[in-house]
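Engineer: Would you be able to build a 3D model of this:
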Amino acid sequence: MFGRNAKSEIDSLIGISARIEGDLVFTGGLRIDGEVHGNVVAADGNDSVLIVSEHARIEGEVRCANLVVNGYIAGTVYSSDLLELQPKGRIHGDVHYRLLEMHGGALVTGKLTHEPDLAMSAPEPVFHLGVAAEGASA
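Structural biologist: Here you go, the predicted structure:
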């Protein structure tokens, strides 16, 4: 992921034989090789990294900053920074992203919505000049 060492960013791992029933909240980095039947949400937001391996399956909403998908997600996806869809990546649901990297072979069945960077999309500041009090000369 753009010069980052994803291996050193992973704090937690859900193994290939694991199956989680229910929502999963994580901080830092998480790699999923197994199944999650529930929402997967990053608690810290900005620095979160979620890697969905080619063996992984998520059925639920996914929310995090950086997301690498090479497995299957059935649900709405929100990536506030970078979404990387690798060749075996499959998403069945709407996708909201800021930056998107999509490799050949990746598949999205749903609506792609670009969510621009908040700092870049902020409107120009508006200055309101005070109205002079009655009887005061300008």
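Engineer: All the helices of this protein, residue numbers only.
Structural biologist: Secondary structure of the chain (DSSP state H): helices located at 6-9, 118-121.
Engineer: Least reliable of the ones you listed by average pLDDT, please.
Structural biologist: Note on the helices of the chain: helix 118-121 shows the lowest mean pLDDT, a mean of 42.
Engineer: Which of the helices and strands in the protein ranks last by mean pLDDT?
Structural biologist: helix 118-121 (a mean of 42; mean pLDDT, DSSP states H and E).
Engineer: contacting residues around the residue sitting nearest the centre point of the chain?
Structural biologist: For the chain, the residue nearest the mean C-alpha position is residue 79 (1.8 Å; Cα atoms, centre = their mean). By Cβ atoms under 8 Å, 6 or more residues apart in numbering, the contact list for residue 79 reads 64, 65, 66, 67, 95, 96, 97, 98. Bear in mind the C-beta positions are built from the backbone N, C-alpha and C, glycine included.
Engineer: Tell me the spacing between the residue lying closest to residue 100 once chain neighbours are set aside and residue 19.
Structural biologist: Nearest residue to residue 100, sequence neighbours excluded (Cβ to Cβ, 6 or more residues apart in numbering): residue 83, at 5.2 Å. Residue 83 sits 25 Å away from residue 19, going by Cβ to Cβ, to the nearest Å.
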